[in-house]
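> sequence and predicted structure below; questions after.
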Amino acid sequence: MITLKNLVLRRGAKVLLDRASVVIAPGERVGLVGRNGVGKSTLFRLLDGTLHEDGGEFSYPKQWRLAQVAQDMPETDETATAFVVGGDTLLGSLREALAIAERDFERDPDDPDAGMAIAQAHVDLADAGEHDATARAQALILGLGFGTDELERPVDSFSGGWRMRLQLARALMCPSDLLLLDEPTNHLDLDALVWLEAWLKTYAGTMLVISHDREFLDAVTEVTVHVDNAQLTRYGGNYSKFEELRSEQLLLQQAAFAKQQDKIAHLQKFIDRFKAKASKAKQAQSRVKAIERMEKVAPMLASADFEFEFREPVNLPNPMLSISGADFGYIVDGEPRVIVGGVSRSVLAGQRVGILGANGQGKSTFVKTVARDLKALAGEITEGKGLSIGYFAQQELDVLRPADTPLEHMVRLAREVGANAREATGEQALRAFLGSFNFGADMIRQPVGTMSGGEKARLVLSMMVWQRPNLLLLDEPTNHLDLVTREALAMALNQFEGTVMLVSHDRALLRSVCDEFWLVGRGSLAPFSGDLDDYQRYLLEESKRLREEARGVAGGARAPVVAPAAGRPGKAVQADPGPAPRATDAGAAKRARRAARAG
Ligand SMILES: Nc1ncnc2c1ncn2[C@@H]1O[C@H](COP(=O)(O)OP(=O)(O)OP(=O)(O)O)[C@@H](O)[C@H]1O
Ligand SMILES: [Mg+2]
């Protein structure tokens with residue numbers, strides 16, 4: 001049981017939790033939700049012991065083993081498989097115990113204790129699932145989207161996002177009683193995300209997951225803890241249930257508030273009328289007190305409303321881009337390596353394209369090339385006159401300078417591109433602009449390095465909006481953003497007059513923004529005629545195809561490529577749960593919705 005009682009937690013000048021209490025029972029799967037910057041990640045730091053409470057009580061069973069995704073980028077030349085196996089800390093310590101026992105035995109072969117210790121170590125190792133550790137690790141790695149040819153590649157040869165996936169695999173590999181996941185879907189694409197959902201459903205311990213992805217939360221959690229107003233509120237149910245319960249609560253609160261306001265107005269009228277009259281002064285006075293005594297029902301928080309809009313583009317070239325016979329990819333050892341080839345397409349003004357594609361098929365490569373961060377290997381990309389690209393990529397968060405404040409970032413941006421952005425560049429104007437993105441007076445001077453993930457992402461977004469683009473290239477723009485901000489982004493994109501090309505694993509965003517999909521896969525790019533449910537089915541078939549291909553390749557290999565079991569030792573779970581039931585469910589749900597709409 002995890003118990004927080006009257007807990008106080010501070011960070012800098014902010015009081016993140018103020019006498020907050022909550023209880024979580026063993027085995028519960030909890031979604032920890034709340035706006036950007038309310039202190040969710042900080043709460044994890046309390047649970048893992050890196051931070052201490054500033055007041056109140058906090059406890060969970062001492063014997064609980066805790067697993068979480070390390071925040072740092074792994075730097076090691078270990079192979080991906082070895083790195084993930086290393087996540088099983090129990091196995092590591094048992095192997096060490098065996099080595100010690102063997103050394104003792106060598107020193108004194110007649111020592112009966114040493115012999116026993118060796119035997120015991122072997123039993124423990126078997127119990128801990130040593131025999132299939134490699135297979136379990138590889139199942140995790142493949143499930144998270146790596147190819148079979150990458151299992152033995154050194155960790156530091158992978159890009160940042162992929163290394164973070166290995167960190168996630170390592171955390172899942174660790175046998176644990178409490179699993180902490182802080183926005184685990186940020187580095188995943190849709191197919192790895194669906195795989196992770198299925199895996200987490202088989203996890204037997206207590207799980208706390210921070211996420212802003214509604215569909216993901218609905219799939220993996222059954223309890224929701226909401227961080228709001230420095231309080232923790234527990235709701236029995238997944239995210240959708242929580243939203244339902246909370247909006248009912250807010251409505252009730254709103255009604256109670258309105259009623260109370262009426263009463264106050266009534267009393268106030270009395271007071272105003274009679275306070276001057278000596279004979280009635282006493283009654284008026286008691287009514288003043290009545291108002292004071294009346295417990296103020298908090299009004300519905302207006303702070304939940306956040307909106308922004310993209311400025312009207314200065315011009316709208318049509319077509320925005322013409323791509324003809326272009327190859328996309330990289331130069332490896334002086335040789336061109338084409339990832340997506342032979343692309344001929346036009347991008348028109350006002351088009352809303354969702355770019356789909358399984359892991360590593362080249363979505364980002366394509367977008368990066370259009371954004372001019374990479375050169376096309378062949379063919380031509382002709383840009384319309386006056387094209388102004390707004391490019392948002394995940395690694396964009398890295399371009400923020402940790403020591404600088406939001407205001408300093410804006411001042412620098414204004415200096416660099418101010419001339420062609422047609423925006424006021426004075427400090428006053430920049431402050432006002434930041435204010436419209438919820439960076440108040442207190443935050444515009446906070447070093448970016450101390451801000452939460454969502455706060456940083458919102459800053460990057462605001463910097464993009466400020467540049468008045470007419471073509472938006474958004475590569476996973478919703479990572480870190482809370483739901484209110486995501487909805488604000490979806491709204492803003494819907495009103496945007498320019499063109500949008502969007503890569504996202506946020507199904508809700510794809511659904512609400514895109515009119516058409518392009519599919520990157522098997523080395524080419526083509527329009528995808530189906531909807532997102534069709535796409536999930538496509539992913540399923542594609543991963544089956546790749547698995548079969550892999551089985552063919554690995555036929556004679558030493559380690560089995562698709563492992564028989566994952567999760568805790570001794571627990572019978574499906575290693576590769578596969579998204580099959582989900583895809584069908586989604587399809588059924590959609591059909592039901594369609595039927596309901598038709599009826
Ligand atoms: N050293 C610090 N000095 C001042 N403020 C800080 C410091 N560290 C964190 N904060 C603030 O504490 C708040 C909580 O941060 P935290 O990372 O826990 O938020 P979060 O709920 O995880 O948000 P997100 O959803 O964006 O990840 C943020 O507003 C952040 O700016
Ligand atoms: Mg956080």
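Looks like it arrived, so ask away. Ligands and ions are numbered 1, 2, ... in the order given.

> any regions of the stretch 301-450 of the chain where pLDDT drops low?
Counting by pLDDT under 70, the low-confidence segments of the stretch 301-450 of the chain come to 301-305, 359, 394-397, 418-423.

> for the stretch 451-599 of the chain, which residue gets nearest to ligand 1?
Across the stretch 451-599 of the chain, the shortest distance to ligand 1 (Cβ to the nearest ligand atom) belongs to Gly454, at 2.6 Å. Every residue, glycine included, has its C-beta placed from N, CA and C.

> buried stuff in the longest helix seen in the chain?
Among the elements of the chain assigned as helix by DSSP state H, the one spanning the most residues is helix 239-274. In terms of neighbour count (16 or more other Cβ atoms under 10 Å), helix 239-274 has its buried residues at 239, 241-243, 245-246, 257, 260, 267, 270-271, 274.

> by contact count, what packs against it?
The contact analysis (3 or more Cβ pairs under 8 Å, 6 or more residues apart in numbering; DSSP states H and E) places helix 239-274 against strand 29-33, helix 214-220, strand 223-228, strand 231-236, helix 281-293.

> okay, the ones you listed in TSV with mean pLDDT next?
Listed next are these as TSV, based on pLDDT from 0 to 100:
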stretch	mean pLDDT
strand 29-33	96
helix 214-220	91
strand 223-228	96
strand 231-236	95
helix 281-293	68
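
> so which of the ones you listed is the most surrounded?
Of the helices and strands packed on helix 239-274, the one with the most neighbours on average (mean count of other Cβ atoms under 10 Å) is strand 29-33, at a mean of 24.

> got a list of contacts for the helix or strand just after it?
The first helix or strand that comes after strand 29-33 along the chain, using DSSP states H and E, is helix 40-47. With contacts defined as Cβ atoms under 8 Å, 6 or more residues apart in numbering, helix 40-47 is touched by 2, 9, 11, 16-17, 32-34, 51-53, 58, 60, 66, 68, 178, 180, 182, 208, 210, 227, 452-453.

> give me the distance from helix 40-47 to the chain's centre.
Offset of helix 40-47 from its chain centre (Cα atoms, centre = their mean, to the nearest Å): 16 Å.

> ditto for stretch 254-267
Taking mean C-alpha positions (Cα atoms, centre = their mean), stretch 254-267 and its chain are 41 Å apart.

> go on, stretch 499-510?
On the basis of Cα atoms, centre = their mean, stretch 499-510 is displaced by 14 Å from the centre of the chain it belongs to.

> kindly check the end-to-end length of that stretch for me.
Stretch 499-510 has its terminal residues 14 Å apart, counting by Cα to Cα, to the nearest Å.

> returning to that earlier point: right, and the helices and strands packed on helix 239-274 - which one's nearest Glu335?
Closest to Glu335 of the helices and strands packed on helix 239-274 is helix 214-220 (Cβ to Cβ; 39.3 Å).

> related to what we said a few turns ago, now the residue of the stretch 451-599 of the chain closest to ligand 1: how far from Pro447?
Going from Gly454 to Pro447 by Cβ to Cβ, to the nearest Å gives 16 Å.

> how near is Met410 to ligand 1?
Remark: distance between Met410 and ligand 1 (Cβ to the nearest ligand atom, to the nearest Å) = 17 Å.

> next one: Asn318
As it turns out, when the distance is counted by Cβ to the nearest ligand atom, Asn318 lies 38 Å from ligand 1.

> leaving out sequence neighbours, find the closest residue to that residue.
The shortest distance from Asn318 to any residue other than its chain neighbours is 3.9 Å, reached at Ala349 (Cβ to Cβ, 6 or more residues apart in numbering).

> that older thread, from the buried residues of helix 239-274, pick the one nearest ligand 2.
Tyr239 (16.5 Å; Cβ to the ion).

> Gly454 and Pro447 - which one has more neighbours?
Each of Gly454 and Pro447 has its neighbours counted (other Cβ atoms under 10 Å); Gly454 has more, 22 against 13.

> quick check: Val448 touching Arg412?
No. Here Val448 does not reach Arg412: they are 11.9 Å apart, not a contact under Cβ atoms under 8 Å.

> overlap in contacts of these two?
Listed contacts common to Val448 and Arg412 are Asp404; contacts here mean Cβ under 8 Å, 6+ apart.

> neighbour count winner among the two?
Set side by side, Val448 and Arg412 show more neighbours around Val448, with 19 against 13, by other Cβ under 10 Å.

> now the residue of the stretch 451-599 of the chain closest to ligand 1, what's its secondary structure?
helix (DSSP: H, G, I helix; E, B strand; the rest coil).

> ok, now how distant is it from Gln467?
Using Cβ to Cβ, one obtains 21 Å as the distance from Gly454 to Gln467.

> kindly report the same for Thr365.
Look at Thr365 and Gln467: by Cβ to Cβ, they are 23 Å apart.

> how about stretch 197-207: buried residues?
For stretch 197-207, burial by neighbour count (16+ other Cβ under 10 Å) applies to 197-200, 203, 205-207.

> ok, now stretch 79-93?
For stretch 79-93, using 16+ other Cβ under 10 Å, the buried residues are 79-88, 90-91.

> so which of these sit within helices?
Among the buried residues of stretch 79-93, the members falling in helices (DSSP H) are 80-85, 90-91.

> for the residue of the stretch 1-150 of the chain found nearest ligand 1, phi and psi?
In the stretch 1-150 of the chain, the residue found nearest to ligand 1 is Gly12; the distance is 2.4 Å by Cβ to the nearest ligand atom. With angles defined as degrees, to the nearest 10, Gly12 sits at phi 60, psi -130.

> pretty sure it is touching Met451, no?
No. With contacts defined as Cβ under 8 Å, Gly12 does not count as touching Met451, sitting 10.4 Å away.

> can you give me the end-to-end distance of stretch 23-42?
18 Å.

> mind listing the helices for the stretch 101-250 of the chain?
112-127, 133-143, 160-173, 190-201, 214-220, 239-274 (DSSP state H, counting those that start in this stretch).

> among those, which gets the worst mean confidence?
The stretch with the lowest average pLDDT out of the helices of the stretch 101-250 of the chain is helix 239-274, scoring a mean of 80.

> tell me the angle it makes with strand 223-228.
Using axes from the mean of the first three to the mean of the last three Cα atoms, to 10 degrees, one finds that helix 239-274 and strand 223-228 are set 40 degrees apart in direction.

> roughly how far out does helix 239-274 sit from the chain middle?
Centroid displacement of helix 239-274 relative to its chain, using Cα atoms, centre = their mean, is 35 Å.

> quick one: Thr202 and ligand 1, what's the gap?
When Cβ to the nearest ligand atom is the yardstick, Thr202 and ligand 1 sit 27 Å from each other.

> the closest residue to ligand 1 within the stretch 301-450 of the chain: neighbour count?
Across the stretch 301-450 of the chain, the shortest distance to ligand 1 (Cβ to the nearest ligand atom) belongs to Thr450, at 3.7 Å. Counted with other Cβ under 10 Å, residues neighbouring Thr450 total 11.

> I appreciate the help and will end here.
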